[in-house]
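In: Fold the following for me, if possible:
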Amino acid sequence: MNIILFIIPFIGALIGWIINSIAIQMLFRPYQPKKMLGLTFQGVFPKRQQELAASLGKMAKAEFNSSELIEQKISDPKNLEKVMPLIESHVDEFLRVKLGKEMPVLSMFIGNKTIDSLKKVFMQEIESLFPQVMNQFAGNIKSEFDIEKLVSSKIAALSPVILEKTLQQAMSKEFRYIKILGAVSGFIIGIIQLLIIKLVG
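Out: Numbering: from 1, shown residues only. The predicted structure follows:
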């Protein structure tokens, strides 16, 4: 048997690699519809970009609403713990410095004990009021913040070039496996052809 025939599996592997590489490129290109032989061609992702954007927007909305992420994050008691020292510092400065400047006569009758008592009352009131305020704030944000519209509009507005670059980076491993699978398939088909030639010959 001609030794050149043994190159067939490797040619098959190369063809399989090239075909799958072209198929991956056709997911993204051409960016705009192109007519050829009476048929219109366009990359799958650019063609379906609006539908993809709408689907991802709905998915984001469903996940966002189900997890109640806004309320959890904003009204988390740990947030109060973090800001309480800052609030206390401002209240202290107000009672000891700013109040004296704005109302000097009143400050003459307020000593450190009174300031400490007032600060304690203020801090207790803030501590009890803060969760209510933050829950109300979270509710307002959630009702006014349309996550579905935000996500879908951002994706729909992406240029095809950026969309391709983003998806190529995100799915680089998967695309590489597809190319390798094409090469392996082509190699196997080449071996089968070689066996058939050998049997027939």
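
In: I'd like to know which helix or strand in this protein has the lowest mean pLDDT.
Out: helix 69-74 (a mean of 65; mean pLDDT, DSSP states H and E).

In: Show residues contacting the helix or strand following that one.
Out: Sequence-wise, the next helix or strand beyond helix 69-74 is helix 77-93, with elements assigned using DSSP states H and E. With Cβ atoms under 8 Å, 6 or more residues apart in numbering as the test, helix 77-93 has contacts from 73, 115, 119, 122-123, 126-127, 130-131, 134. To be clear about C-beta, it is placed using only N, CA and C from the backbone, and glycine gets the same treatment.

In: List buried residues within those residues.
Out: Among the contacts of helix 77-93, the ones that count as buried by 16 or more other Cβ atoms under 10 Å are 115, 119, 122, 126, 130, 134.

In: name the element the last one belongs to?
Out: Pointing back at Met134 there. Here Met134 is assigned to helix 112-144, by DSSP H and E.

In: hmm, back to that, for the contacts of helix 77-93, which one is nearest Ala183?
Out: Lys73 (47.5 Å; Cβ to Cβ).

In: any low-confidence regions in this protein?
Out: 1-2, 64-76, 106-107, 138-145, 201 (pLDDT under 70).

In: about what we covered before: and the contacts of helix 77-93, which two are the farthest apart?
Out: Lys73 and Ile115, at 34.6 Å, using Cβ to Cβ across the contacts of helix 77-93.

In: Check what contacts stretch 100-108 and list those residues.
Out: Outside stretch 100-108, the residues that reach it (Cβ under 8 Å, 6+ apart) are Leu99.

In: chain center to that stretch, what's the gap?
Out: 53 Å (Cα atoms, centre = their mean, to the nearest Å).

In: start at 52 instead
Out: Renumbered: residue one is now 52, and that last one reads stretch 151-159.

In: first to last residue in it, what's the distance?
Out: Using Cα to Cα, to the nearest Å, the end-to-end distance of stretch 151-159 comes to 8 Å.

In: Check stretch 151-164 too.
Out: First-to-last distance for stretch 151-164 - Cα to Cα - comes to 15 Å.

In: Check stretch 146-155 too.
Out: Note: stretch 146-155 ends 12 Å apart using Cα to Cα.
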